[in-house]
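# Generate a structure from the sequence data that follows.
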Amino acid sequence: MKFFKSLFGQVVLAVVIGVIFGVMAPETAAQLKPLGDSFIKLIKMLIAPIVFCVVVHGIAGAGDLKKVGRVGVKAVIYFEILTTIALALGIALAFLLGPGHGMNIDTRSLDAGALSSYVDTASKVKDQGTVEFLMKLIPSTVVGAFSNGDVLQVLVIAILAGCALSLLGAPAKPLLNLVDQASQMLFKMMSFIVKLAPLGVLGAIAFTVGKYGVGSLKQLGYLVVLYYVTVILFVVVVLGAILRVTSGLSLFKLLRYLKAELMIVLGTASSDAVLPQIMRKLEKMGIKDSTVGLVIPTGYSFNLDAFSIYLTLAAVFIAQATNTPLSMSDLLVILGVSLVTSKGAHGVPGSAIVILAATLSAVPAIPVIGLVLVLSVDWFLGMARALGNLVGNCVATVVVAAWEKDIDLGQARRVLDGEIAVNLDEPAPEPLPADISPLPAA
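Numbering: from 1, shown residues only. Next up is the predicted model:
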């Protein structure tokens, strides 16, 4: 069938097979975790050099450094506004619907040993001040940033290199061409790896079902359902409205365009697995590579919308489950602390639990041991976290590009309507000049 010849169809088939395998042979399925882990490692291997090449070529090719700086400032402002909305939504729905009410958990009955490694890391995150966080952005060596795979550090190096090449002008042209050729080579390598996505998804899904079982959602099902509903509400209502108002584009058409990448994220619970493909697809929509190269990598650390919802929703849930009363000042503290701690999520091992522990540590009223309650369903919550974060960053890129007139809206509509077939192996076309009027909104 034609459906199963596409990457999307193969990933869907892998999800179905993984679930069946996990139910029929759970012990064997639980041993397939290396398939998913290996696929993500292969992707991460290329993320740093791809981000470097895309950002350097985008900035140097843009020529206007003032505009690059303006794009960065607008992106950060947008990130902060959307993060605050996401955090507030999580608190509001948890407070109104009370997913933890009635559980009556005695914290003395919970196993503190299950949290020891998370809490140790969380204390380091919590104690990290603004200066320490900014210092982390500066790599010890250029090579070290790439070997550690720290996207933000690579982004810093890439911005410096792009600005330097831009100021050097014509003499730097051969080097800029070399960077572009390296980028094409890396994307071709990525196209090889992406063909393995069905195997990676199969391993990740089979492991999850085999280890936790299909019934693993029953105990905390209300929390899981509420979280998924909240993320969907945020994506459809908030992000959908912002996308429509700023660019006139349809969120559902954008999701359909990204369906293969979204299925990979659903299966692996990691948005890192599709970062290079997402950047490429947004460029194919007609967005300038300089905007894509700045907004997407920065958003992976600063624009975690679904993760922000998780922080506040889980914090209030734990308080309710342990019969811990929360005042309005406590809720405001959770909101304020989460606004800071959410920025340290990317790249921290077991980031969701670690950052949640760091957040709760700053709110004495809520027992940190309550984190044990969400450990068993963290993987399932992680699927929605990764999906919501990815969609949020794609929308952010389109919005910032529309503000800066860095997107050919005519081409974007034709791509989203399926009138233009997208081939990721071909170089992304240059957007039309800003003075060319886009097509009218559909």
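# Name the spans of this structure whose pLDDT lies under the cut-off.
Across the chain, residues meeting the criterion (pLDDT under 70) sit at 1-4, 61-65, 103, 105-137, 208, 212-220, 340-351, 354, 375-376, 423-442.
# How much space separates the residue of it most remote from its centre from residue 274?
Within the chain, residue 171 marks the point farthest from the mean C-alpha position, 37.6 Å out by Cα atoms, centre = their mean. In this structure, residue 171 lies at 37 Å from residue 274, with Cβ to Cβ, to the nearest Å as the measure. C-beta coordinates here come from the backbone N, C-alpha and C atoms, glycine included.
# Residue 94 now?
Look at residue 94 and residue 274: by Cβ to Cβ, they are 29 Å apart.
# between these two, which one's more packed in?
When neighbours are counted by other Cβ atoms under 10 Å, residue 94 and residue 274 differ, and residue 94 comes out ahead with 28 against 25.
# Could you pull up the residues touching the residue nearest to the more buried one when sequence neighbours are not counted?
The shortest distance from residue 94 to any non-neighbouring residue, by Cβ to Cβ, 6 or more residues apart in numbering, is to residue 316 (3.7 Å). By Cβ atoms under 8 Å, 6 or more residues apart in numbering, the contact set of residue 316 is 90-91, 94-95, 100, 326, 331, 334.
# Buried ones from those residues, can you make that a ChimeraX selection?
The buried subset of those, as determined by 16 or more other Cβ atoms under 10 Å, is captured in ChimeraX by this line:
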select :90,91,94,95,100,326,331,334
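# Put together TSV for the contacts of residue 316, with secondary structure and distance to residue 142 on each row.
Converted to TSV, the contacts of residue 316 look like this (DSSP: H, G, I helix; E, B strand; the rest coil; distance: Cβ to Cβ, whole Å):
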residue	secondary structure	distance to residue 142
90	helix	39
91	helix	42
94	helix	44
95	helix	47
100	coil	47
326	coil	47
331	helix	44
334	helix	39
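# tell me which of the contacts of residue 316 is nearest to residue 149?
Within the contacts of residue 316, the smallest distance to residue 149 is 29.1 Å, found for residue 90 (Cβ to Cβ).
# In a strand, the residue nearest to residue 94, correct?
No - with DSSP: H, G, I helix; E, B strand; the rest coil as the criterion, residue 316 is assigned helix and is not in a strand.
# what's the spacing between it and residue 297?
The gap separating residue 316 from residue 297 is 31 Å, by Cβ to Cβ.
# and what of residue 271?
12 Å.
# what do you get for residue 366?
Between residue 366 and residue 297 the distance is 33 Å, computed by Cβ to Cβ.
# of the two, who's got more company?
A direct count of neighbours by other Cβ under 10 Å for residue 366 and residue 297 places residue 297 higher, at 26 against 23.
# Closest one of the contacts of residue 316 to residue 267?
residue 90 (24.8 Å).
# doesn't residue 317 make contact with that closest one?
No - taking Cβ atoms under 8 Å as the definition, residue 90 is not a contact partner of residue 317, at 9.7 Å.
# which residues touch the helix or strand containing residue 335?
Under DSSP states H and E, the secondary-structure element containing residue 335 is helix 328-341. Applying Cβ under 8 Å, 6+ apart, the external contacts of helix 328-341 come out as 80, 83-84, 87-88, 91, 95, 125-126, 308, 311-312, 315-316, 319, 355, 358-359, 362-363, 365-366.
# moving C-terminal of that helix, what's the next helix or strand?
Following helix 328-341 in sequence order, the next helix or strand is helix 351-361 (DSSP H and E).
# Using CSV, write out every CA atom in that following helix.
These are the backbone C-alpha positions of helix 351-361, laid out as CSV (Å, rounded to 0.1, in the frame of the first residue of the first chain):
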residue,chain,number,x,y,z
SER,A,351,14.7,16.7,33.2
ALA,A,352,10.9,16.5,33.9
ILE,A,353,11.3,15.0,37.4
VAL,A,354,14.5,16.9,38.1
ILE,A,355,13.0,20.3,37.3
LEU,A,356,9.8,19.5,39.1
ALA,A,357,11.8,18.6,42.2
ALA,A,358,13.7,21.8,41.9
THR,A,359,10.4,23.7,41.7
LEU,A,360,8.9,22.0,44.6
SER,A,361,12.0,22.6,46.7
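# Can you classify residue 16 by secondary structure?
Secondary structure, three-state DSSP: residue 16 is helix.
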